[in-house]
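Novice: Would you be able to build a 3D model of this:
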Amino acid sequence: MIKLGLVALIAIAMTSCGDKGDAQEIIELKTDKDSLSYILGAEQAKFILEKGDPNLQKLDFDEMAAGFETAILDKQEQMDQACQDALEKLYGRDGKDYDSTYRKQGSHCIGGIAGSIFYHVWNSKGVLKDVNIKIARAGFRHALLQQDTLINDERRNQIASDFISGVNKKSGSALMAKANKLSNIQVIEGGIVIETIKAGSGPNPAPNSDVEVDYILTNSFGDTVENSFYMRQQTQQGVPAFNLTGVIPGWGAAFPKLQKGGKYNLYIPWEMAYGLQHQCETLKFYVELNNFGAQGTLAKMPEQAAPY
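Specialist: Modelled structure (predicted):
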């Protein structure tokens, strides 16, 4: 997961905007890459706009756009001390004392934070080469002005969805290829790979059993999505329990192959996970099967929902 630190300052920065009266520059979207870049830049700006900062109209859009582009080109992944100082002076220590003296510098830093997030996300997925940074900057600025109308909503949603699905499919295929080369694996229906880390003992759960299982879910990029060990520590609750008729197809197929007390990695192709609903994400689960029993004996439905 993305860890940028300086939570308070970033929260302030991600709730800021710029000069509403700035003119929209003329730009042509000649290729699919241009259209995608424009959309991604605009979507990054939406995270800022959605926060509803009361100082929305007081900042400088041009400086924000410049900071956005600079952070991407310079491969910046976090805010430097100068920006921390500028934002503190712009908003005050509690974020409520706006000082226009630091408007330009602060605006540039706010854009830079958005740009560093943009860089981190797309570079980590290996697709930054598919982005025209100049066009992304234009989309970012147009969205701040609420003038990002070069692509209608239906086409925008389709382009973005196709892109994310394509990225996920490529990464997922790479993960599954690696999984199939591991030792101590079993490949079952749907291409699911079960890697045994520690064998369990005794019988296997039935397709409609309740199971008590701790798990760590990661996506194909290695980002942790859910961690039941951590969640249990935070909530002081017991081991999560699910009925196998209410989980993703990959779990439904894999768990009848597992044994109590066993520890496994489950590599689940997107078709056996959430499919198109989660834009073709291939998933990896580390699971520890603590217990299982007949339907209705362990799982508390619907209080305990299936993971992710």
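
Novice: Tell me how far Gln234 lies from Val287.
Specialist: 20 Å (CB to CB, to the nearest Å). Backbone N, C-alpha and C define where each C-beta goes, glycine included.

Novice: ok, now Gly238?
Specialist: Remark: distance between Gly238 and Val287 (CB to CB) = 16 Å.

Novice: cool, Lys257 as well?
Specialist: Lys257 is 12 Å from Val287, by CB to CB.

Novice: Tell me which of those two has more neighbours.
Specialist: Val287 (24 against 17; other CB atoms under 10 Å).

Novice: Next, the residue lying closest to the more buried one once chain neighbours are set aside: phi, psi?
Specialist: Among residues not flanking Val287 along the chain, Tyr215 sits closest, at 4.7 Å (CB to CB, 6 or more residues apart in numbering). Here is the backbone geometry of Tyr215 (degrees, to the nearest 10): phi -150, psi 160.

Novice: Can you give me the distance of Tyr215 to Asp97?
Specialist: Noted for Tyr215: a distance of 46 Å to Asp97, by CB to CB.

Novice: cool, Thr31 as well?
Specialist: Applying CB to CB to Thr31 and Asp97 gives a distance of 46 Å.

Novice: Also Glu189?
Specialist: As for Glu189, its distance to Asp97 is 61 Å (criterion: CB to CB).

Novice: Equivalent analysis for Leu283, please.
Specialist: Leu283 is 45 Å from Asp97, by CB to CB.

Novice: More neighbours: these two, which one.
Specialist: Leu283 (25 against 11).

Novice: If the more buried one is in a bridge, with which residues?
Specialist: For Leu283, the beta-bridge partners under DSSP bridges are Asn219, Ile268.

Novice: What residues does it make contact with?
Specialist: 217-220, 225, 250, 267-268, 270, 273, 308 (CB atoms under 8 Å, 6 or more residues apart in numbering).

Novice: and which of these is nearest to Ala199?
Specialist: The nearest member of the contacts of Leu283 to Ala199, counting by CB to CB, is Tyr267 at 17.8 Å.

Novice: Stretch 150-165: how far from the chain's middle?
Specialist: 17 Å (CA atoms, centre = their mean, to the nearest Å).

Novice: Quick check: buried residues in whichever strand or helix holds Leu40?
Specialist: Using DSSP states H and E, Leu40 maps to helix 32-49. Neighbour counts using 16 or more other CB atoms under 10 Å place 34-45, 48-49 of helix 32-49 among the buried residues.

Novice: Same question for stretch 250-270.
Specialist: 250-260, 262-270.

Novice: Quick one: the strands in the protein, in order.
Specialist: Shown for the chain, the strands assigned by DSSP state E span residues 185-187, 193-198, 210-219, 224-227, 241-243, 263-268, 283-293.

Novice: can I get those strands in a markdown table with distance to Lys170 and mean pLDDT?
Specialist: Converted to a markdown table, the strands of the chain look like this (distance: least, CB to CB, whole Å; pLDDT from 0 to 100):
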| stretch | distance to Lys170 | mean pLDDT |
| --- | --- | --- |
| strand 185-187 | 21 | 98 |
| strand 193-198 | 18 | 98 |
| strand 210-219 | 13 | 97 |
| strand 224-227 | 19 | 96 |
| strand 241-243 | 30 | 95 |
| strand 263-268 | 16 | 98 |
| strand 283-293 | 15 | 98 |
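
Novice: In TSV, list these along with distance to Ile135.
Specialist: Compiled in TSV, the strands of the chain are given as follows (distance: least, CB to CB, whole Å):
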stretch	distance to Ile135
strand 185-187	43
strand 193-198	39
strand 210-219	27
strand 224-227	30
strand 241-243	45
strand 263-268	36
strand 283-293	32
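
Novice: To Cys109, which of these lies closest?
Specialist: strand 224-227 (28.9 Å).

Novice: May I have the strands that pair with that closest one, each with its orientation?
Specialist: strand 210-219 (antiparallel).
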